[in-house]
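> using only what follows, build the 3D model:
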Amino acid sequence: MKHRHLTLTFSFLIILLLNSCKQPKQYFEVAGMLHTPYTIKFEYTESLEDEIQAELQRYYHCLNTFDSTSIISQVNRNKEIEVDDLFVEVFNKAMEVSEQTNGIYDITCAPLINLWGFGFSKSDNITPAIIDSVRSFVGYRKVRLEGKKVVKDDPRLLLNCSSLGDGCSCEVIARLFDSKGIENYLIDIGGETTAKGVNPKGECWRIGITKPSDDPMGTNRELQEIVRLCGRHGLATSGDYRNFYIKDGKKYAHTIDPRTGYPAAQPILSATVIAPDCMTADAYATAFMAMGREEARKIQQEHPELEYLFIYADENGDYRTDYSDGFRQYLVSTE
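Reported below is the predicted structural model:
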């Protein structure tokens with residue numbers, strides 16, 4: 001009996017010792033620059049900076065069109081390679097959104113994006129005939145996956161996943177955190193966000209939506225709205241107020257309408273989408289910019305898991321907002 005008592009006492013002391021050695025949870029912040037600034041905040045027992053960097057590099061090796069060794073660059077050069085699981089997931093998500101938006105969203109638009117000077121190459125001579133020629137090998141139905149090999153109907157077809165790339169990189173980090181049981185985090189990469197749980201004050205995360213004034217240097221910090229996110233959500237904003245250029249007095253913005261081959265001429269200044277994950281939000285924000293408010297409203301009614309907020313200018317040049325019924329619950333300003 002005495003030995004049993006000593007054993008229990010010893011076991012209890014070991015448990016106390018192990019618990020005392022365990023690091024307490026605290027909020028960490030990891031920030032840096034990829035092609036765009038990123039800030040990552042999370043509650044855990046250690047910084048995880050090396051693992052975060054490794055995941056971001058994994059994303060880059062998969063989808064960075066500016067890296068000649070990346071998987072997508074090799075696919076674009078028609079190399080005989082097998083793509084990885086991340087590429088398969090991103091490709092399938094892109095095809096899904098393309099189907100749901102009747103092709104307004106299309107990652108095969110890369111040649112058109114390049115043509116207009118927003119991609120990884122540029123043409124200085126744009127004519128209707130050239131646009132029609134390029135459109136002949138653009139189209140999401142002209143490419144598919146067979147196993148882990150990308151099959152194109154035309155070898156000139158190019159892929160560009162930048163329209164959901166920042167959202168994808170947010171999800172890559174979020175899954176790292178989820179795998180470690182992290183309950184509270186905010187991941188902001190290039191303005192796209194994945195949020196879960198609460199901030200260090202124990203409150204829902206708050207994200208500002210910038211007023212979409214022409215801002216090619218990305219210095220404007222004036223907010224149009226503030227969104228409060230609780231639970232697990234992805235939020236993405238697409239706008240033509242940063243990535244554009246002026247030629248012969250006309251503004252050309254980076255959102256391309258694949259139906260016409262020209263930059264989308266919608267009066268929307270920015271589209272913000274909240275979805276269950278940031279990659280989905282990123283893709284639909286791009287699609288909504290191209291299709292406009294009326295078509296976007298129909299899509300949202302078919303997919304109630306999506307919520308949107310549009311910022312546009314009225315006839316007097318004043319900023320106005322238009323949002324889906326469910327978006328109201330996220331707006332701090334409506335409380």
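> look at K25 and say how many residues are nearby.
Close neighbours of K25, defined as other C-beta atoms under 10 Å, add up to 14. For the C-beta atoms, the positions are set from N, CA and C on the backbone; glycine is no exception.
> ok, now L306?
L306, neighbours per other C-beta under 10 Å, totals 23.
> that one and K196, how far apart?
Per C-beta to C-beta, to the nearest Å, L306 is found 18 Å from K196.
> remind me which helix or strand the residue nearest the centre of the chain belongs to.
Central residue of the chain (C-alpha atoms, centre = their mean): G167, 1.9 Å from the mean position. Following DSSP states H and E, one finds G167 within helix 162-179.
> so R58: helix, strand or coil?
helix (DSSP: H, G, I helix; E, B strand; the rest coil).
> which stretches in the stretch 151-300 of the chain count as strands?
185-189, 192-196, 205-210, 223-229, 232-239, 244-247, 250-253, 256-257, 262-263, 268-275 (DSSP state E, counting those that start in this stretch).
> helices or strands next to the helix holding G167 in the packing?
Applying 3 or more C-beta pairs under 8 Å, 6 or more residues apart in numbering; DSSP states H and E, one finds that helix 162-179 contacts strand 37-44, helix 49-63, helix 85-100, strand 185-189, strand 192-196, strand 232-239, helix 278-291.
> can you give me the angle it makes with helix 85-100?
If you take axes from the mean of the first three to the mean of the last three C-alpha atoms, to 10 degrees, helix 162-179 sits at 130 degrees to helix 85-100.
> mean confidence score for helix 162-179?
Across helix 162-179, pLDDT averages out at 96.
> any buried residues in it, and which?
Buried residues in helix 162-179, counted by 16 or more other C-beta atoms under 10 Å: 162-174, 176-177.
> ditto for stretch 33-51
In stretch 33-51, counting by 16+ other C-beta under 10 Å, buried: L34, Y38, I40, K41, F42, E43, Y44, L48, E51.
> in contact with the third one, which residues are there?
I40 sits next to E29, V30, A31, I52, I173, Y185, L186, I187, D188 when contact means C-beta atoms under 8 Å, 6 or more residues apart in numbering.
> again, 10 Å this time
Residues in contact with I40 (C-beta atoms under 10 Å, 6 or more residues apart in numbering) are 28-32, 48-49, 52, 56, 170, 173-174, 177, 185-189, 194.
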